[in-house]
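Visitor: When you get a sec, could you give me coordinates for this:
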Amino acid sequence: ALFFNGFVWVLGLVLFVVGVVVLVEGKNWNEIVDNKTVPVSVMLIIVGLVIAVVGFLGCCGAMKQNGAMLLIYAIVLGVIIILQCVAGILAFIYSDETKLEDQIAKNMDEFIKNYSGKSDVKTDHVFNVIMEEFECCGISGPNDWNTKTDIEKWVQDNVPDSCCVDMEDTCGWDYFKADNTNKADIHNEGCFTKVVDGVKSNMELFGIIALVFILIEILQLLFALILRNDSKGVLA
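Guide: Numbering: from 1, shown residues only. Got it, this is the predicted structure:
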């Protein structure tokens, strides 16, 4: 039981670290999904801390065979499990993939309309990062830079350098000019589908992680109750 309690404590710390990483690394996604990574990361941080504290309490109770401490541990763990299940059910009920896709499409459309290619513009930077990471170009394809951009902000003969397979300065310039015989090799797939798939896969990953944690916590709850019944310490 001590081993499993220690395992839960470590998992709590891991969940806390994952929450911090999501909070920091998710900043590029926030512009696309309307800051939806923020509540997820905060929840991971809070739940991770609580689980770490509860796991430490369980370790102390197991080492001392303190019935009262083990009972408190079991109650708190039970409440955490219930809250996680409720949160998961609500998230499933109120999740709307169509609404998510519409929101991503709307935000990306705004990004490209206001794109100027300046690295100090946040949305421009986010779009560049997306195109680099997903190896894509535009929303539905490279032609978006010739048709969907604002001519006052962007030279429509160009594509961003982040569209290029081998990215370097000005590699995407004059791409759409008819007399350009030395066009750069660019990514031809649009980013919309790749971004949506990326968001969905991350959501599925979080769901699997949450399920694994709940199963481990249920086992811990059972071990704590069994150990409490066998303990010779102070019984509540």
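Visitor: Check the gap between Phe134 and Asp185 for me.
Guide: Phe134 sits 17 Å away from Asp185, going by Cβ to Cβ, to the nearest Å. Just so you know, the C-beta spots here come from the backbone N, C-alpha and C atoms, and that holds for glycine as well.
Visitor: Likewise for Met69?
Guide: 64 Å.
Visitor: So if I had to pick from these two, which one is more boxed in?
Guide: Taking neighbours as other Cβ atoms under 10 Å, Met69 and Asp185 compare with Met69 leading, 23 against 10.
Visitor: Leu57 is in contact with that one, correct?
Guide: Yes - the pair Met69 / Leu57 is scored as a contact, 6.5 Å apart, by Cβ atoms under 8 Å.
Visitor: Which of the helices and strands in the protein ranks last by mean pLDDT?
Guide: Comparing helices and strands within the chain by mean pLDDT, DSSP states H and E singles out helix 27-30 as the least confident, with a mean of 60.
Visitor: and Gly141, how many neighbours?
Guide: The number of residues packed around Gly141, counting by other Cβ under 10 Å, is 16.
Visitor: thought it was touching Phe192?
Guide: No - when contacts are counted by Cβ under 8 Å, Gly141 is not listed as touching Phe192 (9.5 Å).
Visitor: can you pull out the helices in the chain?
Guide: For the chain, the helices defined by DSSP state H cover 2-25, 27-30, 37-64, 67-94, 97-113, 122-134, 144-147, 192-230.
Visitor: who does the last one touch, helix- and strand-wise?
Guide: Read it as helix 192-230. Packing contacts for helix 192-230, counted by 3 or more Cβ pairs under 8 Å, 6 or more residues apart in numbering; DSSP states H and E, involve helix 2-25, helix 37-64, helix 67-94, helix 97-113, helix 122-134.
Visitor: Ok, which of these comes nearest Phe176?
Guide: Each of the helices and strands packed on helix 192-230 was checked against Phe176 via Cβ to Cβ, and the shortest separation belongs to helix 97-113, namely 14.9 Å.
Visitor: Could you tell me the angle between that closest one and helix 122-134?
Guide: 110 degrees (axes from the mean of the first three to the mean of the last three Cα atoms, to 10 degrees).
Visitor: what comes into contact with helix 97-113?
Guide: 31-34, 123-124, 126-127, 138-139, 144-145, 148-150, 191-192, 195-196, 199-200 (Cβ atoms under 8 Å, 6 or more residues apart in numbering).
Visitor: now do stretch 177-191
Guide: The set of residues that contact stretch 177-191 without belonging to it, under Cβ under 8 Å, 6+ apart, is 108, 127, 130-131, 134-142, 144, 157, 159, 163-166, 171-172, 174-175.
Visitor: Report the buried members of those.
Guide: Buried positions within the contacts of stretch 177-191, assessed by neighbour count (16 or more other Cβ atoms under 10 Å), are 108, 127, 130-131, 134, 136-142, 144, 159, 163-164, 171-172, 174-175.
Visitor: okay, and for this protein, where does confidence drop off?
Guide: Where the chain drops to pLDDT under 70, the residues are 1-6, 8, 22, 25-41, 58, 61-62, 64-66, 90-97, 230-236.
Visitor: cutoff 50 now
Guide: Along the chain, the parts satisfying pLDDT under 50 run over 233-236.
Visitor: and Asn114, how many neighbours does it have?
Guide: Here the count is done by other Cβ under 10 Å, and Asn114 has 15 residues near it.
Visitor: If you could redo that for Ile104, that was the one I meant.
Guide: Residue crowding around Ile104 was assessed by other Cβ under 10 Å; the count is 20.
Visitor: what's the answer for Cys191, then?
Guide: For Cys191, the neighbour count with other Cβ under 10 Å is 28.
Visitor: distance of it from Thr147?
Guide: For Cys191, the distance to Thr147 equals 15 Å [Cβ to Cβ].
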